[in-house]
Each structure stands twice: as C-alpha cells, then as structure tokens.
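S.K.: Curious how this folds, go ahead:
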Amino acid sequence: MSTPNNSSRMTLPPNLKDRDRTLKDPKVLAFIEGEQTTPATSSSTAPIEPLPVHTPPPPVSIPPVAPPSKLPWDGMSDSYLKQKPFRMYENEAEMLNYLGETTYGETSQSIFLTAIRAEIAKRFEERGFVVTADPKTGKLSISTVPVTGGK
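M.R.: This is a model prediction of the structure:
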C-alpha cells in the first residue's frame, strides 16, 4: 500500500483556515475566557439603531362574497346515480351494516344518505344558501335565492 503524497491531501478552505488562525490569537482567547472586560472600540463596531415601533395595520372589513350566479351542479341530471367511495373505520362500517340489516325499511345506504344529506344541508345553510329537500326521495335542491312556492 502506498502512502499518500502531499498533492493528494485534503486542504481546508480559506475561511476555515482563517477561523483556526483567529482562534489561536491571544486577544480572542482572552475574550473567550472572559478575561477581557472592556468592550470593543467604537471604531470596530457600527452603532445599533433602535427598531422602529411596529404599529398594527388598520382593520380591514371584508365585504361578503356574493354567491355565484351559476352553481357547478346546475344543469346536471339528477336521474343518474354516481358512485362515490368513502373510507370508514371498520367498526363504524359494521355498525352501519348492522343498522341497515336490523332496521325495518332502511338499508345502510339509506341511513348513510340521510346523514350525508343532513350535513350537506347544514353546511350550505351556514353559507347563506337556500336548501330544500324532496319529501319523497330526500334529494336536495340548493339555490342562492329563496324559492317562492306558487298555489
């Protein structure tokens, strides 16, 4: 095995060489050890200006957002079913299945849709939308303006 020659030795970058040289300086060592009690001269340090006092910006009132004139589901057919996968914990899925199997006139799907429709209606009403539900099917109808019923 050959011994490495000087040309293959790694050398420190210049900034590390300066650091090592600075750490060996007696004045620096005295300062680190706490022997130097006088502050540095004013010529070596720039004066520190006080930070300006931060004043918070004035409160901004955000105008209410107008609902869109056309909703994303306008014009879509409600006669086709769309499958949507939902993730549930296994025990909750079994609870839902149990209720669907043991409740007369209900299925796990109908129980799930009732809960989802109630949550959808609640959230849209919180946003100022008008929500109506078909009494027979439970399908939701959501509009931006109140629907007036005729005689």
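S.K.: rest of the way, CA atoms for contacts and neighbours
M.R.: Will do.
S.K.: is it fair to say Val131 lies in a helix?
M.R.: No - the assignment for Val131 (DSSP: H, G, I helix; E, B strand; the rest coil) gives strand, which keeps it out of a helix.
S.K.: quick one: the helices in the chain?
M.R.: For the chain, the helices defined by DSSP state H occupy 14-23, 26-32, 90-102, 108-126.
S.K.: does Leu140 really touch Val130, like I thought?
M.R.: No - counting by C-alpha atoms under 8 Å, Leu140 does not reach Val130; the two are 10.2 Å apart.
S.K.: any idea which helix or strand of this protein has the worst average confidence?
M.R.: None of the helices or strands of the chain scores lower by mean pLDDT, DSSP states H and E than helix 14-23, at a mean of 66.
S.K.: give me the low-pLDDT residue ranges for this protein?
M.R.: 1-21, 35-46, 64-68, 145-151 (pLDDT under 70).
S.K.: Taking the centroid of it, which residue is nearest it?
M.R.: The centroid of the chain falls nearest to Arg123 when counting by C-alpha atoms, centre = their mean (19.9 Å).
S.K.: neighbours of Ser108, just the number please.
M.R.: 19 (other C-alpha atoms under 10 Å).
S.K.: One more: Lys27?
M.R.: So Lys27, with other C-alpha under 10 Å, has 13 neighbours.
S.K.: quick one: it and Glu33, what's the gap?
M.R.: Distance, Lys27 to Glu33, using C-alpha to C-alpha, to the nearest Å: 10 Å.
S.K.: Repeat that for Ala115.
M.R.: From Ala115 over to Glu33 the distance is 71 Å, taken as C-alpha to C-alpha.
S.K.: And Ala133, by the same measure?
M.R.: Counting by C-alpha to C-alpha - Ala133 and Glu33 are separated by 80 Å.
S.K.: same deal with Asp78?
M.R.: 81 Å.
S.K.: now Asn91
M.R.: 66 Å.
S.K.: go on, Phe124?
M.R.: 68 Å.
S.K.: These two: which is more packed in?
M.R.: Phe124 (15 against 9).
S.K.: what sits against the more buried one?
M.R.: By C-alpha atoms under 8 Å, 6 or more residues apart in numbering, Phe124 lies in contact with 130-131, 142.
S.K.: Would you reformat those as TSV and include distance to Phe86 and neighbour count?
M.R.: Below are those laid out as TSV (distance: C-alpha to C-alpha, whole Å; neighbours: other C-alpha atoms under 10 Å):
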residue	distance to Phe86	neighbour count
Val130	26	16
Val131	24	19
Ile142	23	20
